[in-house]
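A.B. asks: return atomic coordinates for the entry below.
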Amino acid sequence: MQPDHSSPLPLDRASSSLSPAYSLRVSLDDRLISGQTVSRWHYRKRNRHFRRIHHDVGWLIAGRSRPKLPLLRSTVDIHAYLPQPLDLDNLYSGAKPYIDALTRSGIIRDDSERYIELNVHQSANKASAVVISVVELPAV
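C.D. replies: Predicted structure coming up:
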């Protein structure tokens with residue numbers, strides 16, 4: 001019996017326009033620490049901090065549905081609830097370990113502007129928390 005080549009299957013996510021958009025929302029009871037503060041830490045303490053974030057995000061994502069391939073285009077929203085507001089540079093550099101954790105867990109392909117639209121926000125709150133939302137965008 002000959003295989004039917006009249007309707008080829010899509011080879012990647014960009015060519016399948018009928019697949020539903022992927023979305024993910026993760027909430028961590030964690031404090032977003034500025035990149036400037038982390039850069040002053042000893043390298044072992046800094047590595048422990050990054051590994052802990054990667055581990056926590058990985059475990060929260062592990063029980064949920066994942067895309068078969070990393071997302072080609074997505075919007076990543078990180079909302080930090082902090083007792084003391086940070087300036088914009090420290091806010092974005094503090095979000096970097098969370099974006100790296102999404103990349104390492106296979107949710108997003110890369111953290112460059114080509115693949116993600118990054119939005120980082122903050123709100124004043126006594127209890128610290130970080131909420132990460134990932135929404136797949138249609139391929140261009």
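A.B. asks: where does pLDDT dip in this protein?
C.D. replies: Scanning the chain for pLDDT under 70 picks out the ranges 1-20, 140.
A.B. asks: can we see that at 80?
C.D. replies: Within the chain, the ranges that satisfy pLDDT under 80 run 1-20, 63, 139-140.
A.B. asks: so which residues of it form helices?
C.D. replies: Listed in chain order, the helices of the chain (DSSP state H) span 35-39, 43-62, 88-104.
A.B. asks: let's have those in a markdown table, adding mean neighbour count and distance to Leu118.
C.D. replies: Glycine gets a C-beta too; all of them are placed from N, C-alpha and C. Listed next are these as a markdown table, based on neighbours: other C-beta atoms under 10 Å; distance: least, C-beta to C-beta, whole Å:
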| stretch | mean neighbour count | distance to Leu118 |
| --- | --- | --- |
| helix 35-39 | 14 | 14 |
| helix 43-62 | 14 | 15 |
| helix 88-104 | 19 | 7 |
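A.B. asks: now those as a markdown table including distance to Val26?
C.D. replies: Formatted as a markdown table, those follow (distance: least, C-beta to C-beta, whole Å):
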| stretch | distance to Val26 |
| --- | --- |
| helix 35-39 | 21 |
| helix 43-62 | 5 |
| helix 88-104 | 9 |
